[in-house]
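[1] Quick check, what structure comes out for this input:
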Amino acid sequence: MTENIAIHWFRQDLRLSDNPALYKAARHGKVLPLFILDDGNAGDYTMGSASRWWLHHSLKSLNNSLGGNLSVYHGNPIDILDEILTRFDINAIYWNRCYEPWRIDRDAKRSKII
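    Now for the predicted structure:
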């Protein structure tokens with residue numbers, strides 16, 4: 001029997017409560033929570049050191065809240081998601097919308113691939 005696995009891609013909203021995408025993902029049998037640091041597509045908007053410090057500690061806290069089940073990647077989300085899709089029987093991918101133009105462009109490209 002195939003598991004009903006959904007990915008929840010944490011992006012800017014590293015919260016467990018009141019998270020619509022996480023709620024939808026949880027309706028599947030199993031959730032694979034992940035975070036992808038995307039410096040390549042960010043271009044001139046790559047995070048500075050203070051933001052990276054905050055992100056590190058926020059991801060550490062989120063991982064603790066998830067019982068150590070958060071997978072963290074660094075690279076192009078399209079490539080990373082494609083690789084995950086080859087390893088697992090994923091039924092759905094959920095994320096909350098971001099509003100920065102570079103993220104919208106990246107998401108539009110990814111939606112055509114996935």
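[2] shaky segments in this structure?
    Within the chain, the stretches with pLDDT under 70 are 1-2, 98-114.
[3] and if we set it to 50?
    Along the chain, the model assigns pLDDT under 50 to residues 1, 113-114.
[4] That one: strands as residue ranges?
    Taking DSSP state E, the strands of the chain run over residues 5-10, 30-37, 71-74, 90-94.
[5] mind saving the C-alpha coords of the shortest one as PDB?
    Output in PDB follows, covering the C-alpha atoms of strand 71-74 (Å, rounded to 0.1, in the frame of the first residue of the first chain):
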ATOM      1  CA  SER A  71      14.700  18.600   6.400                       C
ATOM      2  CA  VAL A  72      16.800  21.600   5.500                       C
ATOM      3  CA  TYR A  73      18.300  22.100   2.000                       C
ATOM      4  CA  HIS A  74      20.400  24.700   0.300                       C
END
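[6] got the strands of the chain as JSON lines, with mean neighbour count and distance to Gly43 columns?
    Placement of C-beta: from N, CA and C, glycine included. Listed next are the strands of the chain as JSON lines, based on neighbours: other CB atoms under 10 Å; distance: least, CB to CB, whole Å:
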{"stretch": "strand 5-10", "mean neighbour count": "22", "distance to Gly43": "20"}
{"stretch": "strand 30-37", "mean neighbour count": "18", "distance to Gly43": "14"}
{"stretch": "strand 71-74", "mean neighbour count": "15", "distance to Gly43": "16"}
{"stretch": "strand 90-94", "mean neighbour count": "17", "distance to Gly43": "24"}
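[7] now those strands in a markdown table, with distance to Leu55?
    Converted to a markdown table, the strands of the chain look like this (distance: least, CB to CB, whole Å):
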| stretch | distance to Leu55 |
| --- | --- |
| strand 5-10 | 11 |
| strand 30-37 | 8 |
| strand 71-74 | 10 |
| strand 90-94 | 20 |
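[8] out of those, nearest to Leu62?
    Leu62 lies closest to strand 5-10 among the strands of the chain, at 6.8 Å (CB to CB).
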